[in-house]
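Q: Structure, please.
(2 chains, ligands or ions: 1)
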Amino acid sequence: MNTAEPLVMGIESSCDETGVGIVRGTRLLTNTVSSSMAEHARFGGVIPEIASRAHLEAFVPAVREALDAAGVTLADLDAIAVTSGPGLAGALMVGVAAAKALALAVDKPLYAVNHLVAHVGVGLLDTDGTLPEHLGALLVSGGHTEVLAVGDITGDVRLLGATIDDAAGEAYDKVARLLGLAYPGGPAIDRAAKDGDPGAFRFPRGLTAGKYMGSAEHPGTHRYDMSFSGLKTAVARVVEAFEAAGTPVPVADVAASFQESVVDVVSRKTVLACTEHGITTLLMGGGVAANSRLRELVTARCAEHGIRVVVPPLSLCTDNGAMVAALGARLVSSGVAPTGLSFTANPGLPVSTVSVPAGV
Amino acid sequence: MLSLDSSSIASVALARDGEVLRESATADTRSHAEALAPAVRDVLSAEGLTGADLDAVLVGTGPGPFTGLRAGLATARALGFAWGLPVHGLCSLDAAAHRIAPRLAEAGHEEFAVVIDARRKELYWRPYRVLEDTAATAVALSEPRVGAPEDVPALPSCGPGTALYPQRLAHPVPGTGDLHPTAADLARAAWALTSRGTPLSTDTSPLYLRESDAKVPAFAKRTTA
Ligand SMILES: [Zn+2]
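A: Numbers count the residues shown, from 1 in each chain, chains lettered A, B, ... in the order given. Reported below is the predicted structural model:
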């Protein structure tokens, strides 16, 4: 096997995107994504059963397309990597079963990898294969919201903070629905907010009270954690008050004020986690990393503390197979043993498990 | 031919001309994604075969609980793609029907139904007619259905559903509670079909029989109406 520049296929099916990516070492050859997002639009959120059905139908065509685009065959691969969690159980199961079948059929090592760490794996692409020192990651999407400290991407990743209820993207979807805006809510609210006053409504900042924050020496229970369900309820109350009064809802102002609450908390907590854990480079990932106001505020607040912010292209921020392949390639070149065929999907896979060890 | 079924328990089998060479099955109905690929690897190596020795892949298309069913279909389709083999689909209930048909013929029944668990207090079923030719198999009388045990036609009923709802079925056939669809019976049923000149289908669409159950949230309806 070529371990210096391994040819690796990455398979991703943790939410509503069926992703197949192929990398050679740190070079991206192809990134094929088939999304069932349109099918979820009328529900205003991802419906797991619809996503799972779509994965099954999209899988083989996506693999075929990726191989063609990269100009390689399954036999050429050095390894296959697949997201085994965290994510939606039924959705993960499709990718895991199919990846195991491919690995078995062509007798290639299989790595079951962590979806969140794979988001960080994007940072490996088009580099010399080394990540910056003192690296942190802010992952914000419809399915998750986390702040990570990445000591070594193949084995030392720690969760510093995370949402304790809704993911930030999920809050955007729900509020977009309340405001009659399109799905997905992230871009729709970002657009609407441009004409609004972010100070028009003072929406709550979840988990920022002293008892949750504590101090650097004596951290509270949720110093770097976030919560968006109270915010969503507060927005609903404002909208209902306007409706009850028979006056039009000031959509732009509500959208801007809601967005300001989200990005204020996310950026403030992220910067705090970074400064208190010696993080000097922050990689952003997840679909909500595309949000203009979030990027703006995170970048500005990080700059005040000398923290460099890296935002990959959007196609690599949203869920995709290339990030899984990039992490897989790194695991191969670092000599990490493959997982084999005897694992199953783990919807709650902890971020400390970068790749599932064999025999588990 | 490599055969897989994940509509109830997860099972794989290797068969040549309807004769099962080797089979493997899980004891439970909840470890499909975990068990299938290692089982395929093990039956092949036990027979000293590789994918290159195979002519086709056969998969049970259900009906069955969705997540497990999809694990089998994803496995079969991916194997077929990687090995460059045709993938054939057959209703999983046909496997159980093929197995039980001789016994029902012997008891003098001309028609019967196979009933398996559909969760949510319902059953999947399909009615069959016994074919009294040399293969002693069964032909389906209509498409598979899902519904309450009381909705199953008043035919002798065989399969795991009889153990779940013995009081609510018109004619549960005793002693058939462990008649799960298996990959080995699926291969035999497929052979019986082709022996009668019926080609196997290459349609591997899952027989979900139910919508995805997604509902537009009331909350959204109100604000987007
Ligand atoms: Zn993600």
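Q: does residue A:64 sit in a helix, a strand or a coil?
A: Under the three-state scheme (DSSP: H, G, I helix; E, B strand; the rest coil), residue A:64 adopts helix.
Q: so it touches residue B:80, yeah?
A: No. At 11.9 Å, residue A:64 does not count as touching residue B:80 under the criterion of C-beta atoms under 8 Å. Quick note: C-beta positions are derived from backbone N, CA and C, even for glycine.
Q: More neighbours: these two, which one.
A: residue B:80 (25 against 13; other C-beta atoms under 10 Å in any protein chain shown).
Q: how close does the more buried one get to residue A:56?
A: Residue B:80 sits 14 Å away from residue A:56, going by C-beta to C-beta, to the nearest Å.
Q: what do you get for residue A:224?
A: 37 Å.
Q: Residue A:1 too?
A: Taking C-beta to C-beta, one finds residue A:1 at 30 Å from residue A:56.
Q: Comparing the two, which residue is more hemmed in?
A: residue A:56 (26 against 11).
Q: Does the helix or strand hosting that one reach the ion?
A: Following DSSP states H and E, one finds residue A:56 within helix A:48-70. No. Judged by C-beta under 5 Å from the ion, helix A:48-70 stays clear of the ion, getting no closer than 13.0 Å.
Q: for the helix ranked longest in chain A, what is the average pLDDT?
A: As assigned by DSSP state H, the longest helix anywhere in chain A is helix A:251-276. The pLDDT scores in helix A:251-276 average 97.
Q: Packing partners of that helix?
A: strand A:135-140, strand A:145-152, strand A:156-162, helix A:168-178, helix A:185-193, helix A:229-245, helix A:292-304 (3 or more C-beta pairs under 8 Å, 6 or more residues apart in numbering or on different chains; DSSP states H and E).
Q: any idea which of those is most buried?
A: Ranked by mean neighbour count, these are led by strand A:135-140 with a mean of 28 (mean count of other C-beta atoms under 10 Å in any protein chain shown).
Q: At the contact with the ion, which residues of the stretch 1-150 of chain A appear?
A: Applying C-beta under 5 Å from the ion, we find that the stretch 1-150 of chain A lies next to the ion at residue A:141.
Q: okay, now the domains of chain A?
A: Taking the TED database as the reference, chain A has its domains at A:7-125+A:316-334, A:135-311.
Q: Count the residues that sit near the closest residue in space to residue B:52 that isn't next to it in sequence.
A: Spatially, and ignoring its direct neighbours in sequence, residue B:52 is nearest to residue B:83 (7.5 Å; C-beta to C-beta, 6 or more residues apart in numbering or on different chains). Counted with other C-beta under 10 Å, residues neighbouring residue B:83 total 21.
Q: hang on, residue B:83 packs against residue B:51?
A: Yes. Counting by C-beta under 8 Å, residue B:51 is a contact partner of residue B:83 at 4.0 Å.
Q: which residues are common contacts for these two?
A: Listed as contacting both residue B:83 and residue B:51 by C-beta atoms under 8 Å, 6 or more residues apart in numbering or on different chains are residue A:105.
Q: Need the residue closest to the centroid of chain A.
A: residue A:286 (3.4 Å; C-alpha atoms, centre = their mean).
Q: for it, what are its contacts?
A: Residue A:286 is in contact with A:119, A:139-141, A:144-145, A:169, A:317-318, counting by C-beta under 8 Å, 6+ apart.
Q: before we move on, back to that, just put the helices and strands packed on helix A:251-276 in JSON lines and tack on distance to residue B:63.
A: Below are the helices and strands packed on helix A:251-276 laid out as JSON lines (distance: least, C-beta to C-beta, whole Å):
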{"stretch": "strand A:135-140", "distance to residue B:63": "38"}
{"stretch": "strand A:145-152", "distance to residue B:63": "38"}
{"stretch": "strand A:156-162", "distance to residue B:63": "38"}
{"stretch": "helix A:168-178", "distance to residue B:63": "32"}
{"stretch": "helix A:185-193", "distance to residue B:63": "35"}
{"stretch": "helix A:229-245", "distance to residue B:63": "37"}
{"stretch": "helix A:292-304", "distance to residue B:63": "45"}
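Q: Same list, the ones you listed, but as JSON lines with distance to residue B:117 and mean pLDDT please.
A: Formatted as JSON lines, these follow (distance: least, C-beta to C-beta, whole Å; pLDDT from 0 to 100):
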{"stretch": "strand A:135-140", "distance to residue B:117": "39", "mean pLDDT": "97"}
{"stretch": "strand A:145-152", "distance to residue B:117": "38", "mean pLDDT": "96"}
{"stretch": "strand A:156-162", "distance to residue B:117": "37", "mean pLDDT": "97"}
{"stretch": "helix A:168-178", "distance to residue B:117": "33", "mean pLDDT": "94"}
{"stretch": "helix A:185-193", "distance to residue B:117": "38", "mean pLDDT": "94"}
{"stretch": "helix A:229-245", "distance to residue B:117": "36", "mean pLDDT": "95"}
{"stretch": "helix A:292-304", "distance to residue B:117": "47", "mean pLDDT": "95"}
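Q: Single out the residue in the stretch 151-300 of chain A that lies closest to the ion.
A: Across the stretch 151-300 of chain A, the shortest distance to the ion (C-beta to the ion) belongs to residue A:286, at 5.3 Å.
Q: same deal with chain B?
A: Going by C-beta to the ion, the ion is nearest to residue B:33 of chain B, at 20.2 Å.
Q: Counting neighbours, what do you get for that residue?
A: Quick note: residue B:33 (other C-beta under 10 Å) scores 30 neighbours.
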